[in-house]
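> let me see the structure of the following:
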Amino acid sequence: MRKTLLALLLVAGMTPAFGQEKTFNLKISHWVPASHPLQKALQDWGAAVEKESGGTIKYQVFPAQQLGKAFDHYDMARDGIADVTYVNPGYQPGRFPIIGAGELPFLMSSAKGGSMGLDAWYRKYAATEMKDVKFCLAFVHAPSPFHSRSKKIVVPDDIKGMKIRPADATIANFVTQLGGTNVQSSAPEVRDIVERGVADGITFPWGSLVLFGIDKVTKYHMDAPLYVTTFAFVINKDKYNEMSDRQKKAIDDNCNTEAAGRVGGPWGEFEDAGIDKVRAEQGQEIYKLTPERTALWKKAAEPLVKTWADNVKKTGVDPDTALTELKASLAKYDALAQ
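Predicted structure coming up:
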């Protein structure tokens, strides 16, 4: 009887009971309005993790910079101010050079495939470039253009002398290269700087243009897949490391390329639908680029590849190999622009 009891105690000590798992309440932070599709994407992500953890990982989403400024979200995850954050790597130029490949103009053709292609490619680099956090997934919004308040931006020379709010570090380099001046601001601040004349033009996706009310202060809109912005979900390492194996698996099963597509796809549809909303407004001018003008833009963007490559070389990564791999990954997910 005594031996049997000891054996049972030994087995019990070796077998973790789910009921004894610590419960975690994840603070999930982002910086766009609660009405943005990213809010639902993060709620869906949290709900999936909660279900797969048997209810031991709960969550609350904090939108609209409630926990901190947009520019600070990577460091907020690193420092534990939030547990899961939405990051725009381009908000901190030079800090995350490798993922900047996704921002190169005329590279991607869709949000869902672009998100999956970017995520699948970036996973091997994230462990080095975003080592302060647990990388969850990477994604992009729909390919997007320039918008301006005072004149049409038709050819690269039109940027000269303009004040532009760029969406990311690569577009910022592009604006400087073309003779413009960059005005830095996070997305929630864009309407204000355009309305006050601090910026003459911006790069911004269509649906968000309407959501943030920027359509009320801009008039001219290029209809071309000029660029995308790269984003990531990242997680506080300490919080993740405290979790049980089952809880970690619930996180990991929602931090993969398929999950990246679930985030990027619906957001892309939201952004793509925005162009018809702007077109229906009075006083708006939406214009396409001719093939000749598109060729001018592509030619003007070529130096950006060298700038990106020079920055990546400093990390010890071969840029030619990395870019070739990214294009192959995008092609695999049918998202490589032609």
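> is it correct that Asp44 is in contact with Arg262?
Yes - shown here, Asp44 and Arg262 form a contact pair, counting by CB atoms under 8 Å, at 7.3 Å. No exception for glycine: its C-beta is placed from N, CA and C like everyone else's.
> compare those two and say which is more crowded by neighbours.
Neighbour comparison, Asp44 and Arg262: the larger count goes to Arg262, with 20 against 15 (by other CB atoms under 10 Å).
> residues contacting that one?
Neighbour list for Arg262: 41, 44 [criterion: CB atoms under 8 Å, 6 or more residues apart in numbering].
> now Ala259. Nearest residue, chain neighbours left out?
Distance criterion CB to CB, 6 or more residues apart in numbering; nearest residue to Ala259, sequence neighbours excluded, is Leu137 at 5.3 Å.
> that neighbour belongs to a strand?
Yes - according to DSSP: H, G, I helix; E, B strand; the rest coil, Leu137 belongs to a strand.
> count the residues that sit near it.
Neighbour tally, Leu137, other CB under 10 Å: 27.
> got it, and Asp320?
If you count neighbours by other CB under 10 Å, Asp320 ends up with 11.
> next, it: phi, psi?
With angles defined as degrees, to the nearest 10, Asp320 sits at phi -60, psi -40.
> can you tell me how far it is from Gly68?
Using CB to CB, to the nearest Å, we find Asp320 at a distance of 37 Å from Gly68.
> cool, and Glu285?
Look at Glu285 and Gly68: by CB to CB, they are 37 Å apart.
> more neighbours: which of these two?
Gly68 (17 against 12).
> not counting sequence-adjacent ones, nearest residue to the more buried one?
Distances taken as CB to CB, 6+ apart put Met76 closest to Gly68, at 4.9 Å, once the chain neighbours are dropped.
> what does stretch 303-316 contact?
For stretch 303-316, using CB under 8 Å, 6+ apart, the contacting residues are 94, 97-98, 100-101, 104-105, 128-129, 170, 173-174, 177, 319-320, 322-323.
> any stretches of the stretch 151-300 of the chain with poor pLDDT?
The stretch 151-300 of the chain contains no residues with pLDDT under 70.
> can you rerun that using 90?
Applying pLDDT under 90 to the stretch 151-300 of the chain picks out residues 169.
> so what's Ala259 up against?
Contacts for Ala259 (CB under 8 Å, 6+ apart) come out as 45, 136-137.
> just how off-centre is the helix or strand harbouring it within its chain?
Ala259 is part of helix 257-279 when elements are defined by DSSP states H and E. Centroid displacement of helix 257-279 relative to its chain, using CA atoms, centre = their mean, to the nearest Å, is 12 Å.
> cool, and stretch 23-30?
Chain-centre distance of stretch 23-30: 19 Å, with CA atoms, centre = their mean.
> go on, stretch 144-159?
24 Å.
> buried stuff in stretch 289-297?
Neighbour-count burial for stretch 289-297 flags 289, 293, 296-297 (criterion: 16 or more other CB atoms under 10 Å).
> my bad, should have said stretch 157-167
Buried-residue list, stretch 157-167, by 16+ other CB under 10 Å: 158-159, 162-167.
> and it, how far apart are its ends?
By CA to CA, to the nearest Å, the extent of stretch 157-167 from end to end equals 19 Å.
> centre of the chain to that stretch, how far?
For stretch 157-167, the distance to the chain centre is 22 Å (CA atoms, centre = their mean).
> ok, residues contacting it?
With contacts defined as CB under 8 Å, 6+ apart, stretch 157-167 is touched by 90, 144, 146, 148, 151-153, 171-172, 174-175, 178-185, 190, 193-194, 198-204, 227, 229.
> tabulate the contacts of Ala259 (a markdown table), appending pLDDT.
Listed next are the contacts of Ala259 as a markdown table, based on pLDDT from 0 to 100:
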| residue | pLDDT |
| --- | --- |
| Trp45 | 98 |
| Cys136 | 98 |
| Leu137 | 98 |
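> which element is the spatially most central residue of the chain on?
Central residue of the chain (CA atoms, centre = their mean): Phe231, 1.5 Å from the mean position. Assigned by DSSP H and E, Phe231 falls within strand 230-235.
> that strand pairs with which strands?
The strands that strand 230-235 pairs with in its sheet are strand 84-87 (antiparallel), strand 134-140 (antiparallel) (by DSSP bridges).
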